[in-house]
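Enquirer: Got a sequence here, can you model it:
(2 chains)
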Amino acid sequence: MTDITKEALSPPRSFLSRDAIQLFYRLLAVLLICAVLAILNGSFLSLGNILNVLRQASLTFFIASGLTLVVLTAGLDLSVGANVALSACIAGTVIHTTGSPALGILTGLACGGIVGLLNGIMVTALRIPSFIATYGMLWVLNGLTYWYMAGETLHGFPAGFRQIGSGYLFGLPIPVYLLLVFLGIGTLFAQRTIWGQEIYAIGANPVAARLSGIPVTRRLLLVYAVSGTMAGLASIIFLSRLNSAEADIGESLTLPAIAAVLIGGTSLFGGVGTVFGTFIGALILTLVLNGMNLLSVSANWQPLVTGIIVILAVWLDMKTRRRAQ
Amino acid sequence: MSTAAPDTASPSPVPLLQLRGISKEFPGVKALDDVSFALYPGEVHMLLGENGAGKSSLMKVLCGAYSADAGEFFYNGEKVTISSTADAQKLGIAVIFQEFSLVPYLDIAQNIFLGREPKGRIPGTIDRRRMLTDAKRLLDTIGFDIDPSVVVDTLGVAQQQMVEIAKAISQNARILVMDEPTAALSDRETELLFALIARLKADGVSIVYISHRMAEVFALGDRITVLRDGRRIDGVRPADVTPDQLVRMMVGRTVDMTYPRNFADKPGEVLLEVKNLTAPSGISDINIEVRRGEIVGLCGLVGSGRTEVARAIFGADPIASGEIVFDGKPISGEPDIAARRGIALIPESRKSEGLALLRSVGDNLVVSALRKLFPSGLFDPRSGQRTADGLIRQLRIATPSARQMVGLLSGGNQQKVVIGKWLAAGAKLFIFDEPTRGIDIGAKSEIFALIDRLVAEGAAALMISSEQIEICHVCDRAYVMREGRVAGHLTRGELTEENIVRLGMHHA
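Expert: Below is the predicted model:
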């Protein structure tokens, strides 16, 4: 058995797993960015600014965390931003007409979830590649939202509702609590449930996953529905924080969310990545943009810097991955 | 046999094409071993052999797709080289593959003259009218009455084959190599093809014809060359042999391969019963029964529908009619249902269908057992790791640890991981599709010992293999498939390579 002896002789893999190495690099990057910004601008380390960074990162994270699950299955959801816009406008209308924030929140979450489920149906039952299905959905949702709002702006919500996005509890913004809760839930779901394990397996090889007895269709439906529901959640935070809703609020949300997923180390080919990584990705993205604001760098440079970070992060991941192999 | 052995059955003294001592080796496999072959003008030369006997390799050497490691080529008695497809084309050698190489969205004329279109008067244009009349004339000569401006996509398989042949003729092909040309044809279309072959013969075109159908071999062949394990076994005339003799030439292997096995004297209760199963994937009226404690073989030629039967039982492909009863209850639906009921599929291509290559050995080992190991739905990595470690020890999977990427293991160890994941899942019926493909001999006997142990403990196995010798040594009995149907059943006493081949070939 020549092959077996050969393998027994080959050195075992390094003590640190590939995922651990990647996470380590990312945390290092966060510290480095913080250190540089602290040196360049004294106000960076102020509590107010740090809380501000976390609050901004939370919005990107809510959208990106659900998206992470989709990307883990080697799919993509381009409709998340448009979904936020539609869900926000519908939730806002419900709150205005019924006066009940609770009902509005439920409607927003349900709207997001249903849109996600429709994406899932297109991907599974109709076998449309997720990239195309959700791209089409983006236009459909935009169309619906623009028609529904007809240029109007929803404005002015009950004070209690506005607390969700802009309130504080024990000195911390409420979105930061939500961020921690959903970071925990997302991580547990991906790492510590059999559904999470099955999602990784589907992303790594969908054919083998199906032939291993994993109900691939049901898991994909779940993943797209979760991604939509998280967009619904983001729409509530958004609505509550801005105290208004317009048809075009979603347009600047999708691409940063994808950037956070990629900077966070989740592979577009599926099967590799973590929700925690996506949190770090959202944090890095927000820190850099925040730092540029503090240093009075023109906002026109922000897309360029984002692009460079994404490319750098993915390139570094591919390098460590190749070394691990 | 020596390379200079005279071809006793030669109808004419100077061969159009002669191959002497052709050898071709791939890592670990001698695909062709000192093969000599002569083709005379205007003859139909049948090429016969089991799966893996070297027919395809010989065909690829002929058309220049492979370059031979050793050996010589003679064209009309003159030494030539064939080291590229261009060389072969210059000598007038054309191959009609089973998978056609036509461009589906172009019309017949465009396909025939692809890359050689007649030039129009204005530079860069194509003389469309001349192309159509030339194509029409060409189609007439092969007796194919069709408008050359018809788009190929709309044609049936037989018609596309005609276009392929017309294209070959237009390139002045003198030697046509056909790979199972009637495999997808109806009886009527086959007749038309045979008429065309007769016409081509009369024009002096030589044809190398690969077939698994005995009737064709005797109806069409002027001479027959039998290959086995990459060697030329014999060259005969149809008049001098019987089908039985040909079968014996194809199998007569005497490799010593013994896998110790305790054959089931008294098999247990029926575990799987397939009744009149018909599926759109190309199988019809399948009736199969597997009992606990049995290893049942499923043999037949590649493409006879063996894999399709396995996939239909597992729910991987939809079925049209019929019933599958597992463990006393009917079963239908997706693979997750079959897996939960206790059916395991170990697919033929383990890299693309059996494993997530970039994931760890441990992840792959527990993937099918998640529901069983963690009924609450909460996954515990440590407990998963323990299960994986246990399987690694039990199956003696050679890996530094459960965290090793499964893609880095050898074929035999990867196969053990695929089997292991179903052990963890507690499967009762194991369907193996070519379980020993690409695995060295040592690992093979380990796999067979494992299958033997499984059935001894009350599981059952349905095993697909193209290695008839393995079926004969390992199986309690076997079904033989032919053209999507079960052609016969062989009991332990009847299980011989000859019987398998005889049932698997097309006699009628």
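Enquirer: Could you find the residue in the stretch 151-300 of chain A that comes nearest to chain B?
Expert: Chain B sits closest to A:G213 of the stretch 151-300 of chain A, with a gap of 2.5 Å, by Cβ to the nearest Cβ. Any C-beta I mention is one placed from the backbone N, CA and C, and that applies to glycine too.
Enquirer: And whatever residue of the stretch 101-250 of chain B ends up closest to chain A, how far from B:F144?
Expert: Using Cβ to the nearest Cβ, the closest approach of the stretch 101-250 of chain B to chain A is made by B:P104 at 20.7 Å. Relative to B:F144, B:P104 is positioned 18 Å away (Cβ to Cβ, to the nearest Å).
Enquirer: neighbour count winner among these two?
Expert: B:F144 (19 against 12; other Cβ atoms under 10 Å in any protein chain shown).
Enquirer: what secondary structure does the more buried one sit in?
Expert: When classified by DSSP: H, G, I helix; E, B strand; the rest coil, B:F144 comes out as coil.
Enquirer: Over to A:A313?
Expert: Judged by three-state DSSP, the three-state class of A:A313 is helix.
Enquirer: Tell me, how many residues neighbour it?
Expert: For A:A313, the neighbour count with other Cβ under 10 Å is 22.
Enquirer: what about the helices in the stretch 1-150 of chain A?
Expert: A:2-9, A:18-40, A:47-72, A:80-98, A:101-124, A:130-149 (DSSP state H, counting those that start in this stretch).
Enquirer: Could you do the stretch 1-150 of chain B as well?
Expert: All helices of the stretch 1-150 of chain B, identified by DSSP H, counting those that start in this stretch, fall at B:55-62, B:85-90, B:108-112, B:128-141.
Enquirer: Spatially nearest residue to the residue of the stretch 201-350 of chain B at minimum distance from chain A, not counting backbone neighbours?
Expert: Nearest residue of the stretch 201-350 of chain B to chain A, counting by Cβ to the nearest Cβ: B:A339, 2.5 Å away. Spatial nearest neighbour of B:A339, chain neighbours left out: A:G213 (2.5 Å); criterion: Cβ to Cβ, 6 or more residues apart in numbering or on different chains.
Enquirer: Let me see the contact set for the nearest residue to B:S84 once chain neighbours are set aside.
Expert: What sits nearest to B:S84 in space, not counting adjacent residues and going by Cβ to Cβ, 6+ apart, is B:G64, at 4.9 Å. Going by Cβ atoms under 8 Å, 6 or more residues apart in numbering or on different chains, B:G64 touches B:I82, B:S83, B:S84, B:T85, B:A86, B:D87, B:A88, B:Q89, B:I93.
Enquirer: Show me the contact partners of the helix or strand hosting A:R321.
Expert: Counting by DSSP states H and E, the element that carries A:R321 is helix A:302-324. Residues outside helix A:302-324 that contact it (Cβ under 8 Å, 6+ apart): A:13-14, A:18, A:21-22, A:25, A:256, A:259, A:262-263, A:265, A:267, A:272, A:281, A:284-285, A:288-289, A:292, B:405.
Enquirer: Just the buried positions in stretch A:283-302, please.
Expert: By 16 or more other Cβ atoms under 10 Å in any protein chain shown, the buried positions in stretch A:283-302 come out as A:L283, A:I284, A:L285, A:T286, A:L287, A:V288, A:L289, A:N290, A:G291, A:M292, A:Q302.
Enquirer: typo on my end, stretch A:226-244
Expert: Within stretch A:226-244, the residues that count as buried by 16+ other Cβ under 10 Å are A:226-243.
Enquirer: what do you get for stretch B:66-85?
Expert: B:Y66, B:A68, B:G71, B:F73, B:F74, B:Y75, B:I82.
Enquirer: The first one contacts B:K24, doesn't it?
Expert: Yes: using Cβ atoms under 8 Å as the test, B:Y66 is close enough to B:K24 to be in contact (5.8 Å).
Enquirer: Which residues are in contact with each of the two?
Expert: What both B:Y66 and B:K24 touch, as defined by Cβ under 8 Å, 6+ apart, is the set B:S57.
Enquirer: Send over stretch B:229-236 as PDB, restricted to the C-alpha atoms.
Expert: Below are the C-alpha coordinates for stretch B:229-236, written out as PDB (Å, rounded to 0.1, in the frame of the first residue of the first chain):
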ATOM      1  CA  ASP B 229      -6.400  -5.400 -21.600                       C
ATOM      2  CA  GLY B 230      -4.700  -3.200 -24.200                       C
ATOM      3  CA  ARG B 231      -3.500  -6.200 -26.300                       C
ATOM      4  CA  ARG B 232      -4.500  -7.500 -29.600                       C
ATOM      5  CA  ILE B 233      -5.900 -11.000 -28.900                       C
ATOM      6  CA  ASP B 234      -6.700 -12.100 -32.400                       C
ATOM      7  CA  GLY B 235      -7.800 -11.100 -35.900                       C
ATOM      8  CA  VAL B 236     -10.500 -13.300 -37.400                       C
END
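Enquirer: State the mean pLDDT of it.
Expert: Stretch B:229-236 shows a mean pLDDT of 88.
Enquirer: Figure out how far that stretch is from the centre of its chain.
Expert: Put simply, stretch B:229-236 sits 19 Å off its chain's centre (Cα atoms, centre = their mean, to the nearest Å).
Enquirer: does the residue nearest to B:A339 really touch B:A425, like I thought?
Expert: Yes: contact criterion Cβ under 8 Å: A:G213 and B:A425 qualify, at 7.0 Å.
Enquirer: Next, the contact list for B:S465, please.
Expert: Residues in contact with B:S465 (Cβ under 8 Å, 6+ apart) are B:G297, B:C299, B:F432, B:E434, B:P435, B:T436, B:I471.
Enquirer: A:A260 too?
Expert: Contact partners of A:A260, counting by Cβ under 8 Å, 6+ apart, are A:T60, A:F61, A:A64, A:T278, A:G281, A:A282, A:L285.
Enquirer: Kindly report the same for B:G384.
Expert: B:G362, B:V366, B:L373.
Enquirer: Cross-check the contact I'm expecting between the second one and B:W422.
Expert: No: using Cβ under 8 Å, B:V366 is not in contact with B:W422; the gap is 11.4 Å.
Enquirer: And these two? Which one has more around it.
Expert: Ranked by neighbour count (other Cβ under 10 Å), B:V366 and B:W422 place B:V366 first, with 29 against 26.
Enquirer: Can you name the residues of the stretch 101-250 of chain A that neighbour chain B?
Expert: With Cβ under 8 Å from any Cβ of the partner chain as the criterion, the stretch 101-250 of chain A meets chain B at residues A:191-198, A:200-201, A:204-205, A:207-215, A:217.
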